[in-house]
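**Student:** Take this sequence and fold it.
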Amino acid sequence: MSTAETPAQVTLASHTTLRLGGPARRFAVAETADELVAAVRAADEAGEPLLLLAGGSNLVVGDAGFDGTVVRIATTGWERGAGGVVEVAAGQNWDDFVAETIAEGLGGIECLSGIPGSVGATPIQNVGAYGCEVEQLLHSITCYDRRAREVRTMTRDELGFGYRTSVLKGTDAGVVLGVRLVLFEDGLSSPIRYAELARTLGVEIGARVPAADAREAVLKLRRGKGMVLDPADHDTWSAGSFFTNPIVPEAELAGVLARIAEVVGDDVAVPQFPDARGVKLSAAWLIERAGFGKGYPGPGGRVSLSHKHTLALTNRGGAAAEDLLALAREVRDGVRTRFGVTLHPEPLLINCSL
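**Tutor:** Numbering: from 1, shown residues only. Down below sits the predicted model:
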């Protein structure tokens, strides 16, 4: 593991896709699973606050930074086993991995193309897009249990997956070291479940297509929404979708829809999607109808909603984390005041809050 560095050398803005965040008191890089476990154990034994990061695509770090040790997970590589099982290092770049599996004739995760960040983060928040979630293909993970001080395997059932969450989200008790997925060996995609993607591909819902074709279509759609990283495009200086789609319990749905109708009219169809906990509404739709259109500016114009997609909050250059949080609060409060629906952030907030 590399020698810990001083705050003057490392600010966390240089390690997040939002390009926001203050200094780390200590910073180190773990290039193997053993180094990662050793770094976590050392911090725990010293009673040191610890922050783990890899791609930094799902973090909002406060302007004061992190008063502890930050370890960047830089483990890489994956292996193909029998029956379509693949085992991937936690620090492996996710989209590179997706592309490589398709090149190897495997399918299943192509609808998650273009998502920034590392493989290890995907089971923590049950990453999903275009009708596919990691949960659907995950076999198990290897993780370091900080309480038991041991490396263990957790199965899909043990991870308690939900919409953009798992038992690991919001807790630092488990450190993901590796991920096992079961992919299709016929080179075809998972069944296409998302209407917009089906239209783009010209197929019916439920069809399977060559994984490479699905990946190309997903990347095209994501680029159109500023959701594929591009250093020259400030619309991609984001943490992806900032708010999760709200789930409204069935018992509350009629009241919520009536309030929305008062604002937008009875003749406007409200996007709704079934969910085990009730009905899922579109956060982007609510944000736009609450008066926050694409490109809506935050403090000083240093941050704004993406000019391509209202669900992304972006750094336009020269922003502070507090600028972004102020815009997030304005959007959240505006939706709640107008529709009585509370939006919740998807990224992890480190040393900051809404």
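
**Student:** where does the residue nearest to Gly291 when sequence neighbours are not counted land on pLDDT?
**Tutor:** Nearest non-adjacent residue to Gly291, counting by C-beta to C-beta, 6 or more residues apart in numbering: Gly334, 6.4 Å away. From N, CA and C alone the C-beta is placed, and that goes for glycine too. Gly334 is assigned 98 on the pLDDT scale.

**Student:** do the same with Pro7
**Tutor:** Per-residue pLDDT puts Pro7 at 51.

**Student:** Kindly report the same for the one 4 residues further on.
**Tutor:** At Thr11 the predicted local confidence, pLDDT, stands at 94.

**Student:** mind showing which ranges of this structure have poor pLDDT?
**Tutor:** Along the chain, the model assigns pLDDT under 70 to residues 1-9.

**Student:** Which residue ranges make up each domain of it?
**Tutor:** Using automatic domain parsing, the domains assigned to the chain come out as 12-73, 78-224, 234-350.

**Student:** chain center to the shortest one: distance?
**Tutor:** With C-alpha atoms, centre = their mean, to the nearest Å as the basis, domain 12-73 stands 17 Å off its chain's centre.

**Student:** First-to-last residue distance for that domain?
**Tutor:** End-to-end span of domain 12-73 (C-alpha to C-alpha, to the nearest Å): 14 Å.

**Student:** The second one now?
**Tutor:** Here the two ends of domain 78-224 are set 30 Å apart, with distance taken as C-alpha to C-alpha.

**Student:** returning to that earlier point: that's a helix at the residue nearest to Gly291, yeah?
**Tutor:** Yes - under DSSP: H, G, I helix; E, B strand; the rest coil, Gly334 falls within a helix.

**Student:** was I right about it contacting Gly293?
**Tutor:** No - counting by C-beta atoms under 8 Å, Gly334 does not reach Gly293; the two are 11.8 Å apart.

**Student:** quick one: which of these two has more around it?
**Tutor:** Here Gly334 and Gly293 are compared on neighbour count by other C-beta atoms under 10 Å; more neighbours surround Gly334, at 17 against 12.

**Student:** Now do that one against Ser118, distance only.
**Tutor:** 33 Å (C-beta to C-beta, to the nearest Å).

**Student:** And Gln136, by the same measure?
**Tutor:** 19 Å.

**Student:** neighbour count winner among the two?
**Tutor:** Neighbour comparison, Gln136 and Ser118: the larger count goes to Ser118, with 27 against 19 (by other C-beta under 10 Å).

**Student:** How about that one, nearest residue that isn't a chain neighbour?
**Tutor:** Closest residue to Ser118 apart from its sequence neighbours, by C-beta to C-beta, 6+ apart: Ala54 at 3.4 Å.

**Student:** what about the one you found, distance to Ala129?
**Tutor:** Counting by C-beta to C-beta, the separation of Ala54 from Ala129 is 19 Å.

**Student:** Which of the two has more residues huddled nearby?
**Tutor:** Ala54 (26 against 19).

**Student:** The more buried one touches Gly120, doesn't it?
**Tutor:** Yes - between Ala54 and Gly120 there is a contact at 6.1 Å, judged by C-beta under 8 Å.

**Student:** overlap in contacts of these two?
**Tutor:** Ile73, Ala90, Gly91 (C-beta atoms under 8 Å, 6 or more residues apart in numbering).

**Student:** Restricted to strands, list those residues.
**Tutor:** Residues of the shared contacts of Ala54 and Gly120 located in strands (DSSP state E): Ile73.

**Student:** Turn the shared contacts of Ala54 and Gly120 into CSV, columns for distance to Thr171 and neighbour count.
**Tutor:** Below are the shared contacts of Ala54 and Gly120 laid out as CSV (distance: C-beta to C-beta, whole Å; neighbours: other C-beta atoms under 10 Å):
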residue, distance to Thr171, neighbour count
Ile73, 17, 27
Ala90, 16, 28
Gly91, 20, 28
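
**Student:** now the shared contacts of Ala54 and Gly120 as CSV including distance to Arg208?
**Tutor:** Listed next are the shared contacts of Ala54 and Gly120 as CSV, based on distance: C-beta to C-beta, whole Å:
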residue, distance to Arg208
Ile73, 33
Ala90, 29
Gly91, 31
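
**Student:** how about the strands of the stretch 1-150 of the chain, start to end?
**Tutor:** 24-30, 50-53, 59-61, 66-73, 78-80, 85-89, 128-129, 132-133, 138-145, 150-155 (DSSP state E, counting those that start in this stretch).

**Student:** Convert the C-alpha atoms of the second one to PDB, please.
**Tutor:** Just to be clear, that refers to strand 50-53. What follows is strand 50-53, C-alpha atoms only, in PDB (Å, rounded to 0.1, in the frame of the first residue of the first chain):
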ATOM      1  CA  LEU A  50     -12.000   5.800   7.800                       C
ATOM      2  CA  LEU A  51     -13.500   6.600   4.300                       C
ATOM      3  CA  LEU A  52     -13.200   4.100   1.500                       C
ATOM      4  CA  LEU A  53     -13.500   5.300  -2.100                       C
END
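
**Student:** helices or strands up against that strand?
**Tutor:** With contacts defined as 3 or more C-beta pairs under 8 Å, 6 or more residues apart in numbering; DSSP states H and E, strand 50-53 has these neighbours: helix 33-45, strand 66-73.
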